[in-house]
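Engineer: Sequence first, then the predicted structure, then my questions.
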Amino acid sequence: MRRKVALAQLDIQLGNPAENYQKAKQAIEEAANHHADIVVLPEMWNIGYALDQLAELADENGQKTQQFFSELALKNQINIVGGSVAVRNGQSFFNTTYVYDQNGNLISSYEKVHLFGLMNEDQYLEAGQKENHFKLAGIPSASFICYDLRFPEWIRTVARYGTDILYFPAEWPSKRIEQWKIMLRSRAIENQAFVVAVNRVGTDLENSFNGHSLVIDPLGQVIHDAGEVEQVSYAEIDLAQLAQVRGPIPVFKDRRPSLYH
Ligand SMILES: O=C(O)CCC(=O)C(=O)O
């Protein structure tokens, strides 16, 4: 089984949802025109890290984003891993992913579990409490958000169900991009899964972002690097590779969870 994934490496406009929804719409339509099966967006694409404007700008109960994805997925017959958006729930704010199938149905959602203090998330956001495992385009998958990447025990907790693609939407700053690449490759190798990771480009008030959205195979080989410009780019995943990798080295079967703390 093969699947074509589209990586929407966007230049997110700080505190400008109108422009960002327009960019996301164009990217999803472009991916569909290129016959991608799945399109993936970056983290916090609706407003960027305008955390001090959450009260005015966060999406109330995620309603606007959910309607936006549902309509675009159905109209364009494309599966969407919707990066993440800033969402308001009552008095709390979350960094939330929505996943839609090509019929416009909400498949799952996820609230970022590990908040990144260096970008002040812990001062403004509530942390999520649950994992995000789902089947999309026929593929058992899981998604995380950016800083979650530094917690291999969290990734493994979700991946142990049998997960073929791990998605990582992010706003990962340029200055630590080598760590991004190394850790993404490690998560692919140790979980014997494909990794699809979508970062942003551009700048905000504090950081610059240089993309390098990646698709990595279960051996840890980078099969696609989106480079450093704003673009939608594509990679084909051959899921038959999973059995070839997992057969001779059955990592999940050989685990000794009773010894781990
Ligand atoms: O862990 C890092 O270095 C970057 C994390 C990050 O930027 C985020 O979680 O938004």
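Structural biologist: All right, it came through fine. Since the structure is predicted, the reported quantities are computational estimates derived from the model, not experimental observations.
Engineer: Tell me, how many residues neighbour the residue lying closest to L41 once chain neighbours are set aside?
Structural biologist: Ranked by C-beta to C-beta, 6 or more residues apart in numbering and with sequence neighbours excluded, the top spatial neighbour of L41 is G83, at 3.1 Å. Where C-beta positions appear, they are placed from N, C-alpha and C, glycine not excepted. Taking other C-beta atoms under 10 Å as the neighbour definition, G83 ends up with a count of 29.
Engineer: list the contacts for G83?
Structural biologist: Going by C-beta atoms under 8 Å, 6 or more residues apart in numbering, G83 touches A8, V40, L41, P42, E43, M44, W45, T97, P169, V198.
Engineer: measure G211 to the ligand for me?
Structural biologist: For G211, the distance to the ligand (C-beta to the nearest ligand atom, to the nearest Å) stands at 13 Å.
Engineer: Quick check, pLDDT for Y161.
Structural biologist: Reading off the per-residue confidence, Y161 sits at a pLDDT of 86.
Engineer: I'd say it and N132 touch.
Structural biologist: No: counting by C-beta atoms under 8 Å, N132 is not a contact partner of Y161; they are 11.2 Å apart.
Engineer: Residues that sit against both of these two, list them.
Structural biologist: With C-beta under 8 Å, 6+ apart, Y161 and N132 have common neighbours A142.
Engineer: Of these two, give the one with the bigger neighbour count.
Structural biologist: Neighbours per residue, other C-beta under 10 Å: of Y161 and N132, the larger number sits with N132, 21 against 11.
Engineer: contacting residues around that one?
Structural biologist: Under the criterion of C-beta under 8 Å, 6+ apart, the contact partners of N132 comprise T97, V99, S108, S109, Y110, A142, S143, F144, V158.
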